[in-house]
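**Student:** here's a sequence, model it:
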Amino acid sequence: MDLFEYMMPWDLFALFFSGLWSLLSLALYAYVAFCLYTIAKKTNTENPWLAWIPIANIILACQIAGKPWWWVFLFFIPIANIVFAILVMWKIAEARNKPGWLGILLIVPIANFVIFGILAFAD
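**Tutor:** Alright, predicted model coming up:
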């Protein structure tokens, strides 16, 4: 017997959308990593390839912002991580000669992907 014969229609629906969600998550991670990589290249930051490695990309963001590497630990404190992420993104925006308030927009769900694109690709 085939595995799919035992599955109910809602199981197939869930399987399809979980796979779709996984692909979307990977695509968004790749987009943000590529934007951070591009920002690091444009700001002449050492080791821009760190943008592709989880947690190391936070270190890279702190380097671009001119903050010490140990700020990475602050990103693991609930609620405080939002504040420190805004501060880091504010400094990254200023490093790209953009207004710092763009960093605040990173807490807005869809706008955060647009802002990463603006910081990476606008001159």
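**Student:** what sits against the residue sitting nearest the centre point of the chain?
**Tutor:** Among the residues of the chain, the one closest to the centroid is V32, at 4.4 Å (CA atoms, centre = their mean). V32 is in contact with 113, 116, counting by CB atoms under 8 Å, 6 or more residues apart in numbering. Any C-beta I mention is one placed from the backbone N, CA and C, and that applies to glycine too.
**Student:** and if we set it to 6 Å?
**Tutor:** F116 (CB atoms under 6 Å, 6 or more residues apart in numbering).
**Student:** can you pull the pLDDT of it?
**Tutor:** Turning to V32, the model gives it a pLDDT of 95.
**Student:** only the buried residues of the one helix or strand it maps to, if you could.
**Tutor:** Using DSSP states H and E, V32 falls within helix 9-42. Within helix 9-42, the residues scored as buried using 16 or more other CB atoms under 10 Å are 32-40, 42.
**Student:** now distance to L26 too, for those, in CSV please.
**Tutor:** Converted to CSV, these look like this (distance: CB to CB, whole Å):
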residue, distance to L26
V32, 11
A33, 10
F34, 12
C35, 15
L36, 16
Y37, 16
T38, 19
I39, 20
A40, 21
K42, 25
